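S.K.: Here is my input; please provide its structure:
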Amino acid sequence: MESDQNSKRADVAAYVWPSYTGDDIRARQFWPKGFGEWESVLKMKPKFEGHLWPRKPLWGYVNEADPRVMEMQIEAAASHGVNAFIYDWYWYDRRPFLENCLNDGFLKAANNQKMKFYLMWANHNACYLWDRRNIHLDGVMWRDENAVWLGAQDRNEFEAIVKRVIGKYFSRPNYYKIDGKPVFSVYDLANLVKGLGGTEAARDALEYFRRETERAGHKGLHLQAVLNWPLGFVWDWEFEPARKGTPFGAVVSDLGFDSATHYQFISFVREEKDRMDYGEMLPKFIAPQYEKAGGDCAAPYVPHVSVGWDNNVRYEKFQAPVYVNNTPENFEKALRMAKEYLDKRPALPRLVTVNSWNEWTEGSYLQPDDLYGYGYLEAVKKVFGAV
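M.R.: Next up, the predicted model:
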């Protein structure tokens with residue numbers, strides 16, 4: 001199954017955070033009770049007056065590695081216009097992590113052919129962020145010396161990743177494709193380059209990935225870069241000093257990516273205030289960012305929409321900023337901005353990425369809750385129609 005890029009309807013692909021299960025034994029070091037990050041959600045208390053927490057999932061605290069659960073979720077997604085899932089996919093300590101939601105849940109669901117899926121390699125460090133008992137160590141948690149596992153991988157590990165991804169996923173009939181090519185997204189370009197030994201070495205590794213994909217019988221590989229930076233961001237990492245000051249968009253081009261998108265609004269929408277009004281920031285930040293990203297990268301920009309941002313579920317004390325007023329009505333406005341961006345650029349892939357299907361710990365999810373019900377899903381349906 002591949003995207004019909006000539007159709008008027010855009011594909012709507014929602015990121016999936018595969019932590020809402022205890023089926024991966026290595027996850028117990030972060031969530032020891034054995035049901036994944038629901039453990040943190042259940043501990044959440046309001047952090048300020050008017051804070052709209054705790055929120056409860058209408059579907060309950062379900063195990064998303066259960067195929068029966070995923071059958072229900074697939075029906076809900078497809079009937080409201082979400083026709084693809086982008087699974088956060090991890091490789092730590094020489095093996096995959098948190099694959100259960102995809103392998104045992106989605107891929108074993110009897111109706112999974114109703115949905116497309118593709119992978120985003122979440123190659124950031126695994127750190128204290130997932131462990132509420134140690135989150136007070138914020139500020140040093142992302143540093144390599146404090147990581148539980150490092151996300152940067154060398155060429156040998158990269159080739160092992162390529163072998164697994166091509167062999168286990170790309171030949172699935174519902175793996176998402178653009179122009180007949182399987183799509184593979186990379187979250188942390190700095191870690192990609194760092195692990196592989198520089199931009200040139202990283203490009204060579206990605207070319208190897210393309211060749212191996214073609215050898216497996218596919219038309220090619222569509223590589224998608226995730227842009228995790230604000231306006232005007234430049235390359236500034238000590239492991240590649242020769243490129244210091246290079247616009248990040250140029251690095252995307254140098255690495256040979258075929259498209260680019262974002263993972264979360266918070267990557268580029270941040271002000272020195274505790275609470276940011278979602279409705280006000282759409283014309284102020286989002287529309288200019290679309291234009292900036294589309295102009296900076298040689299790779300075509302796929303517009304992104306986030307439902308919100310509030311990661312206080314993971315912390316004992318208040319963490320700013322929080323997006324407020326991210327109602328279904330304002331979310332619908334954001335979706336219409338993304339659709340308008342695509343409609344004005346018919347040469348772009350007909351794709352919108354959404355954060356997220358289930359990022360409860362970051363306050364950005366499409367799944368129904370006790371505050372807005374199915375409001376966010378209904379907004380998708382209003383703008384893009386059912387599948």
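S.K.: Distance from the chain centre to the host helix or strand of Asn156, please.
M.R.: Taking DSSP states H and E as the criterion, Asn156 maps to helix 155-165. Relative to the chain's own centre, helix 155-165 is displaced by 21 Å; criterion: Cα atoms, centre = their mean, to the nearest Å.
S.K.: Stretch 91-98 now?
M.R.: Taking the mean of its C-alpha atoms, stretch 91-98 sits 18 Å from the chain's own mean (Cα atoms, centre = their mean).
S.K.: Now tell me what touches it from outside.
M.R.: With Cβ atoms under 8 Å, 6 or more residues apart in numbering as the test, stretch 91-98 has contacts from 18-19, 24, 26-27, 88-90, 121, 123, 126, 148-151, 153, 157, 160-161, 164. Every C-beta, even on glycine, is put in place using the N, C-alpha and C of the backbone.
S.K.: Of the residues you listed, which belong to strands?
M.R.: Secondary-structure check on the contacts of stretch 91-98 using DSSP state E: residues within strands are 88-90, 121.
S.K.: Out of those residues, which comes closest to Ile74?
M.R.: Minimum separation from Ile74 among those (Cβ to Cβ) is found for Asp88, which lies at 17.7 Å.
S.K.: Setting the sequence-adjacent residues aside, check what's closest to the closest one.
M.R.: Across the structure, with Cβ to Cβ, 6 or more residues apart in numbering as the measure, the residue nearest Asp88 apart from its sequence neighbours is Ala122 (4.4 Å).
S.K.: which residues of the stretch 101-250 of the chain fall in strands?
M.R.: Per DSSP state E, counting those that start in this stretch, the stretch 101-250 of the chain carries strands over the ranges 116-121, 177-178, 181-186, 222-226.
S.K.: still on that earlier bit, from the ones in strands among the contacts of stretch 91-98, pick the one nearest Asn325.
M.R.: After measuring the ones in strands among the contacts of stretch 91-98 against Asn325 - Cβ to Cβ - the closest member comes out as Asp88, at 27.0 Å.
S.K.: what residue ranges in the stretch 251-387 of the chain score low on pLDDT?
M.R.: When the per-residue scores of the stretch 251-387 of the chain are filtered using pLDDT under 70, no range remains.
S.K.: All the strands of it, in order from the start?
M.R.: Counting by DSSP E, counting those that start in this stretch, the stretch 251-387 of the chain has these strands, from start to end: 259-261, 275-277, 304-306, 322-324, 351-355.
S.K.: TSV please, covering those strands and showing distance to Val12.
M.R.: Output for these, formatted as TSV (distance: least, Cβ to Cβ, whole Å):
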stretch	distance to Val12
strand 259-261	13
strand 275-277	24
strand 304-306	9
strand 322-324	20
strand 351-355	5
